[in-house]
Structure formats: structure tokens, C-alpha cells
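Chemist: Kindly generate the corresponding structure for this input.
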Amino acid sequence: MRRKTKLIHGGISGDPLTGAVNVPIYQVSTYKQDGVGNFKGFEYSRTGNPTRHALEELIKDLENGEAGFAFGSGMAAITAVMMLFNSGDHVLMTDDVYGGTYRVMSKVLNRFGIESTFVDTSKLESIEEHIRPNTKALYIETPTNPLLKITDIEAAAGIAKKHSLLTIVDNTFSTPYWQTPHDLGADIVLHSATKYLGGHSDVVAGLVVVNSPEMAKDLHFVQNSTGGVLGPQDSWLLIRGIKTLGIRMEEHEKSTRKIVEFLQKHPAVKKVFYPGIESHPNHDIAKKQAGGFGGMVSFDVGSEENADKLLEKIKYFTLAESLGAVESLISVPARMTHASIPKERRAELGIGDGLVRISVGLEDADDLVEDIDQALTK
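Modeler: The predicted structure is shown next:
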């Protein structure tokens, strides 16, 4: 099955009982048993729900994994994955991660004894250098948020396997339409499904796919025990959103290329971060491991003052958290998505006060270019 066909026919298609072409919303909390322990596949909706199950089967198929799991948010998904580890375990993580990921690792999970070190995984030697005796996993975000760093998933997973570590990949920016980390050696793939998979700014969700029956059993135990599951209505919205993922991702990228070309030539822009630029670090790796470069762009306008002036004049880009939706969004990471990271740490990473991040939507690309142009000029 090719990618666009799998988006529509993967997982569970329709409803065999009624002939409905879409999986129904099973808005139910519990299920009748014909005897103690004798139930028809479902007993309680925290443990399993038919609509959520359909979504979990779909993301499993799209990511070429063993089992899928749906959570109430991307952060709930990350937290559940980290609950596979024990107090005293150490996780090696990409340095330029989403601010919420940094926050949960450094200010919440550390309270339970799960240690983490943030390194530049785009440089493979940094991975080897920071592995400890108690390291249990390598967590990769690629492309990263917001500097779009690229890590060689296959090579990094090879290093992890050599040291008996799990490889966890946040695939939010690329989505399974462009990149399938399981095929490159990843053990766990996760998504903030709020973003491109949902695609319409109308659902908050997280998805995880694992590559072994043993890990599926362990993660289901965590999911059922802690209960951060996705509800049936949101599960249904995600299934609907995923069906158009292919055409959306292609259109996002088409418009993004035009915007990047414009930004590179504009005198008010100091630097552009986008994996599709040949000079972007590890561009060749991005080209090798992914089918596309995505719809996320960051660019530096030099200062917080310049960023604010841009935001005052922009019209078609909505100032908002999040990304991956049909409408174009704009943010200033240092004061929004990455504000939870200490200022000195942001400076080390290169997340300056003048860095602007845009998520290119599905508006006419020429309108978007003209909008950025007038905002930068004024």
C-alpha cells in the first residue's frame, strides 16, 4: 500500500455492523460482559475504546510498528514513555528539543530519579561521549524545534543498539508521511498529534508507536495504569485529519520552499533555518532519511525589537503556540514555546530573542510571501 492509500485504508476501515464508511464515535465508558471476564474485546474505556483502537491501529500501520497508543496530549505520550524507565535510569536527549519536553524532563521526571542529559545528537560523537553506565535510552527530535537540526536516525540508532539503549524518536515535524523512524532502527516513535496529524487546530493529542510485543505490553500497562488516554471524539477527529495528511504535507512544503527562497534574499533576515536549504547542517542526511523537508521555518531578524515590529504588521500569520495546521502560525520561541528553557541555555543553543518560527499553512503561497515582505519592510 502506498503512502496516500495507507492514510485512508490503514488501520480499521469503516464499521462492518452498519456499513458506515467511517469508524463510529463510541462515546461509552463501559461494556456489557456475558459473564465475569467474558467480554467482546472491550471492558472499560480507559483500558480500550473502539474509536481509540481504530486510531491506534492506523498510526501503527503508518509508522510500520508493532502497536500504537493514543494519549490526551503529546506531553502525556512522552511522560508515559518515560514511565517505562526506573529511578536511577538516565536518558540521553537531543539538546534543541521542544520546551515542554525539556521542562518535563528537567523539572518533573527528575523528581522521580529519571536523569537526563541534553546533547547535540546531530553530531554523532556527542552521543558516544555522553553515554553512562546507567543510560537506558537515546531520545532524538529530528528535525528539532525550533532550529530544525537534523540527526541521522539510522546511525544514531546503531550507536544506541551497540550500547543496548532504546532509541526514541519524536517524529512530529516530519510525520510518517515524510519519515518513518522504525524503518531506520528506532524502537519507539512518538508524535504531538495536535500538530500535522490533526492538522486543523481542533484537537490536542499524543501518539506512540513501539516496535515489539514486549514493549507494547509494557506501554499498555502504563497507559491503563496512569489513564492519560485520548477520548473517542478526539480520536475520531484525528482519524479524519490523518486522511488528508498527504496532500496537506505536500502543499505545506511547496509553499514553504517559496517562502524560504524569499527569506534568504531579504536584507532584514540574518539567517534562515530550514533542512531543505543545501547549506543547512546535515541537509544530505535529511534528504536521505525523509521524503520531504516539511513546513516549519525559523529565521533570525536580529533582535526582540525587530521581532515585535514584524508581529505588529503581519496579517495572515496568526501569533499562536502550536504548528502544523491549515492556517499559518507565527511565534517567537524565546518568549513562547521555549520560554521554560533558561535564558542562558537558550543562548547556548542559539535560540535568540530575534528568532522567529513560522508554520506554513495552506493559504496561497504568494499571499504569505507578500505578507512577510510588507511586515519586514515596514
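Chemist: So the nearest residue to Phe39 once chain neighbours are set aside, which state does it fall into?
Modeler: For Phe39, the nearest residue in space outside its immediate sequence neighbours is Gln33; the separation is 4.6 Å by Cβ to Cβ, 6 or more residues apart in numbering. (Glycine included, C-beta is placed from N, CA and C.) In three-state terms, and counting by DSSP: H, G, I helix; E, B strand; the rest coil, Gln33 is coil.
Chemist: Quick one, grab the pLDDT at Gln33.
Modeler: We have a pLDDT of 91 for Gln33.
Chemist: Would you mind confirming that Tyr31 makes contact with Phe39?
Modeler: Yes. The pair Tyr31 and Phe39 passes the contact test of Cβ atoms under 8 Å, sitting 5.8 Å apart.
Chemist: OK, contacts around Ala290?
Modeler: For Ala290, the residues meeting the contact criterion (Cβ atoms under 8 Å, 6 or more residues apart in numbering) are Ser174, Trp178, Gln179, Pro275.
Chemist: Excluding sequence neighbours, find me the nearest residue to the third one.
Modeler: The spatial neighbour of Gln179 that comes closest, neighbours along the chain excluded (Cβ to Cβ, 6+ apart), is Ala290 at 4.2 Å.
Chemist: mind checking pLDDT for that neighbour?
Modeler: Per-residue confidence for Ala290 comes out at a pLDDT of 98.
Chemist: What separation do you get for it and Gly19?
Modeler: 38 Å (Cβ to Cβ, to the nearest Å).
Chemist: And Ser279, by the same measure?
Modeler: Distance from Ser279 to Gly19, counting by Cβ to Cβ: 54 Å.
Chemist: Just say helix, strand or coil for the most centrally placed residue in the chain.
Modeler: Nearest to the mean C-alpha position of the chain, counting by Cα atoms, centre = their mean, stands Thr172 at 1.8 Å. Taking three-state DSSP as the rule, one finds Thr172 in the coil state.
Chemist: wait, doesn't it sit right on Gly74?
Modeler: Yes. Taking contacts as Cβ under 8 Å, Thr172 lies within contact range of Gly74: 7.0 Å.
Chemist: so what's in contact with those two at the same time?
Modeler: Taking Cβ under 8 Å, 6+ apart as the criterion, Thr172 and Gly74 both touch Leu190, His191, Ser192, Lys195.
Chemist: Using TSV, lay out these together with neighbour count, distance to Gly158 and secondary structure.
Modeler: Shown next, in TSV, are the shared contacts of Thr172 and Gly74 (neighbours: other Cβ atoms under 10 Å; distance: Cβ to Cβ, whole Å; DSSP: H, G, I helix; E, B strand; the rest coil):
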residue	neighbour count	distance to Gly158	secondary structure
Leu190	27	20	strand
His191	30	23	strand
Ser192	29	26	strand
Lys195	21	28	coil
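Chemist: Would you reformat the residues you listed as a markdown table and include pLDDT and distance to Leu230?
Modeler: Output for the shared contacts of Thr172 and Gly74, formatted as a markdown table (pLDDT from 0 to 100; distance: Cβ to Cβ, whole Å):
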| residue | pLDDT | distance to Leu230 |
| --- | --- | --- |
| Leu190 | 98 | 13 |
| His191 | 98 | 12 |
| Ser192 | 98 | 12 |
| Lys195 | 98 | 15 |
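Chemist: neighbours around Arg257, how many?
Modeler: If you count neighbours by other Cβ atoms under 10 Å, Arg257 ends up with 19.
Chemist: need the contacts of Ala290 in TSV with secondary structure, can you?
Modeler: Rendered in TSV, the data for those read as follows (three-state DSSP):
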residue	secondary structure
Ser174	coil
Trp178	helix
Gln179	coil
Pro275	coil
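Chemist: what's the closest of these to Asp96?
Modeler: Sorting those by how near they are to Asp96, with Cβ to Cβ, puts Pro275 at the top with 12.9 Å.
Chemist: Which residue, neighbours along the chain excluded, lies closest to Asn145?
Modeler: The shortest distance from Asn145 to any non-neighbouring residue, by Cβ to Cβ, 6+ apart, is to Tyr98 (4.6 Å).
Chemist: Please tell me how far the one you found sits from Ile247.
Modeler: In this structure, Tyr98 and Ile247 are separated by 26 Å, where distance is defined by Cβ to Cβ.
Chemist: So these two - more neighbours on which side?
Modeler: More crowded of Tyr98 and Ile247, by other Cβ under 10 Å: Tyr98, with 25 against 13.
Chemist: need the contact list for that one.
Modeler: For Tyr98, the contacting residues are Glu141, Asn145, Asp170, Ser192, Thr337, His338, taking Cβ under 8 Å, 6+ apart as the criterion.
Chemist: go on, Ala193?
Modeler: Here Ala193 is in contact with Ile59, Ala70, Gly74, Val203, Ala205, Gly206, Leu207, Leu238 (criterion: Cβ under 8 Å, 6+ apart).
Chemist: Quick one: the strands in the protein, in order.
Modeler: The residue ranges that make up the strands of the chain, judged by DSSP state E, are 67-71, 90-94, 115-119, 135-141, 166-170, 188-192, 206-210, 271-273, 296-300, 318-319, 329-331, 355-359.
Chemist: Please save the CA atoms from the helix or strand of the chain with the lowest mean pLDDT in CSV.
Modeler: Sorted by mean pLDDT, DSSP states H and E, the helices and strands of the chain end with helix 343-349, the least confident at a mean of 86. Output of helix 343-349 as CSV, limited to C-alpha atoms (Å, rounded to 0.1, in the frame of the first residue of the first chain):
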residue,chain,number,x,y,z
LYS,A,343,17.8,32.2,29.0
GLU,A,344,21.5,31.2,29.3
ARG,A,345,20.6,27.7,28.0
ARG,A,346,18.7,29.3,25.1
ALA,A,347,21.7,31.4,24.3
GLU,A,348,24.0,28.3,24.2
LEU,A,349,21.6,26.6,21.8
